[in-house]
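Visitor: sequence and predicted structure below; questions after.
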Amino acid sequence: MNYAKKVLSGTVSVFVISLLAAFLGYFVRLVLARGLAKDDYGIFYAVFSLFSLLLMFTNFGQTLAITKFIPDYLHKKDYSGVKSVIVTGFLIQFIFSTLIGFLTIIFSDQIAVHLFHASSASIVIKMLGGMFILMPLENVFMYSFQGFQKMLYYSGVVLVRMLIISILILIFFWLGLGLESPSLAYLVVYLIIPIVCFPFFIKTFPEFFKAKLAISIKLVKKMLRFGIPVMIGAFGFVLMTYTDTIILTYYRTMGEVALYQVASPTARVAMYLSYALAAVFLPLSAELWAKGEKKKLKTAMDLLYRYSFMAVIPLALMMILFPELILKILFGPQYTEAALAMQILSLGTIFYTIAHININVLSGIGKPKESTKILLFAAIFNLIANMIFIPYYGILGAALSTLASWIIILFFTLYHIRSYIQSSAPWKEWILNIIAGAGFVLVVSLLKNLLVMNIWAELIISVGAASVAYLLLIILFRLITKEDVNFFMYSIGQKPFFNKQGQDKV
């Protein structure tokens, strides 16, 4: 099997579709930022962050359990096992999401007043509580697609979801619903997505209706044994991702929450490549590990370390160099105050790109406890740092805490990957890559000072010239080998570009 082609085609599909979904996501945020008052924008995303935090208490790691165990059973051609894993994972999620969703709806008025200090948050809580109950319906299809390594379907779920949300929000704003518009859109979309996904699921797994369903205590224990450590790890990840918003909500103003909710997702755009790689590599690493193909797994990790780092630096540096311009274009001049926080988070994405891949690989090879310990430790550190710094420094304190947490995750996951797969971090190549990145920054800085013209022309010329300089430095530092070029040609089904005996660097 051409695993290289599998990784490349899957990554490209997920990356491109994820970027399209991200574009729609930013369109949604842009519409909300301009269509809602600043405090209402903050209220919606503060409530949304609360439900994102609660999600870990319903998932129990079952999305990753589905993704992990489907390849295991498919390898044995046990279709009954595949069906049982999917149904068991769904039921575990649905029971707990229903319980928590109804509780938040019942106590929505009290939560709105005591946590968000705004009675208008109550209707948002009620609607997102309904969304929360329905979310497992989407999850079971989406992560089944990932387990079957149907990455086009997997990534397409998010794209379709964001497309429907965008359309619904525009319709609801046109009808004059105001703050209820995004909440109602998120509720309705989770009714539509399962209907859209079902025919693709049956096409992917036509044995679903024929295969015997065998839900057993043994299977539930197996999935929970895998899933609970993942859930604890997800708890750590969610703490790092959403507690900064919750703590900002409690200690600071809704205006600062709104600023952070444009800085954080914008900076995370630089991580879409790592999300795509991790999404593809989780089920693939599970398959390679199950087959005992450790040498191939090590080769893949070595390539991922070098090229994911190489790819993320230019995008992260663009976020660092042009934060005010990016925020002004996307959200308007009132959000440019978030520029420094965005720069700090953009720097952090360089570290978290590798860390995120490592976390998913550890889960894929059946070592979720290790990634859980790391995420939990980093999350506790992040929570303490947020409690200390946010009351005094606001969004800057939140951004710095997140940056430090991502660095912690990177170093600990590198240690464990080296222990299990014998793949070491290419420190020399990374340092040379950072120097090449410094060249990118230098060229942009020089041209920004020299050029006096339209801002768009200046941006295109400076970034274009800097990208050429970055590529030339990468070649000069011999960070790309002939073997790598040949490997890429093989991945796309073409003949080697260089002589197979060539061992020199480009």
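Guide: Done, it's in.

Visitor: quick one: low-confidence ranges for the stretch 351-500 of the chain?
Guide: Within the stretch 351-500 of the chain, the segments meeting pLDDT under 70 span 484, 486-500.

Visitor: repeat that for the stretch 1-150 of the chain.
Guide: Counting by pLDDT under 70, the stretch 1-150 of the chain contains low-confidence residues at 1-12.

Visitor: who touches the residue most central in space within the chain in this structure?
Guide: For the chain, the residue nearest the mean C-alpha position is Tyr275 (5.0 Å; C-alpha atoms, centre = their mean). Applying C-beta atoms under 8 Å, 6 or more residues apart in numbering to Tyr275 gives the contacts 14, 18, 356. Just so you know, the C-beta spots here come from the backbone N, C-alpha and C atoms, and that holds for glycine as well.

Visitor: tell me the buried residues within those.
Guide: Among those, the ones that count as buried by 16 or more other C-beta atoms under 10 Å are 14, 18, 356.

Visitor: surely the second one meets Tyr154?
Guide: No - taking C-beta atoms under 8 Å as the contact criterion, Ser18 and Tyr154 are not neighbours in contact, 10.2 Å apart.

Visitor: give me the distance between Ile395 and Gly42.
Guide: 12 Å (C-beta to C-beta, to the nearest Å).

Visitor: overlap in contacts of the two?
Guide: Residues touching both Ile395 and Gly42 by C-beta under 8 Å, 6+ apart: Glu256.

Visitor: between the buried ones among the contacts of Tyr275, which is nearest Phe57?
Guide: Taking C-beta to C-beta as the measure, His356 is the one of the buried ones among the contacts of Tyr275 closest to Phe57, at 22.3 Å.

Visitor: could you say which helix or strand holds that closest one?
Guide: If you go by DSSP states H and E, His356 is part of helix 339-364.

Visitor: elements contacting that helix?
Guide: On a contact count with 3 or more C-beta pairs under 8 Å, 6 or more residues apart in numbering; DSSP states H and E, helix 339-364 meets helix 62-75, helix 254-267, helix 272-290, helix 294-321, helix 323-331, helix 368-393, helix 395-421.

Visitor: what residues sit buried inside that helix?
Guide: Within helix 339-364, the residues scored as buried using 16+ other C-beta under 10 Å are 339, 341-364.

Visitor: quick one: that helix to chain centroid distance?
Guide: For helix 339-364, the gap between its own C-alpha mean and the chain's C-alpha mean amounts to 9 Å (C-alpha atoms, centre = their mean, to the nearest Å).

Visitor: stretch 201-212 too?
Guide: In terms of C-alpha atoms, centre = their mean, the gap separating the centre of stretch 201-212 from the centre of its chain is 29 Å.

Visitor: again, but for stretch 186-204
Guide: Centre-to-centre, stretch 186-204 and its host chain are 21 Å apart (C-alpha atoms, centre = their mean).

Visitor: same check on stretch 205-217?
Guide: Relative to its chain's centre, stretch 205-217 lies at 31 Å (C-alpha atoms, centre = their mean).

Visitor: so what touches it?
Guide: Applying C-beta under 8 Å, 6+ apart, the contact partners of stretch 205-217 are 79-84, 86-88, 91, 144, 148, 201-202.

Visitor: inside helices: which ones of these?
Guide: Under the assignment DSSP state H, the contacts of stretch 205-217 contribute 79-84, 86-88, 91, 144, 201-202 to helices.

Visitor: not counting stretch 158-176 itself, show me its contacts.
Guide: With contact meaning C-beta under 8 Å, 6+ apart, stretch 158-176 is reached by 17-18, 20-21, 24-25, 27-28, 31-32, 35, 138, 142, 180-182, 184-186, 188-189, 192-193, 196.
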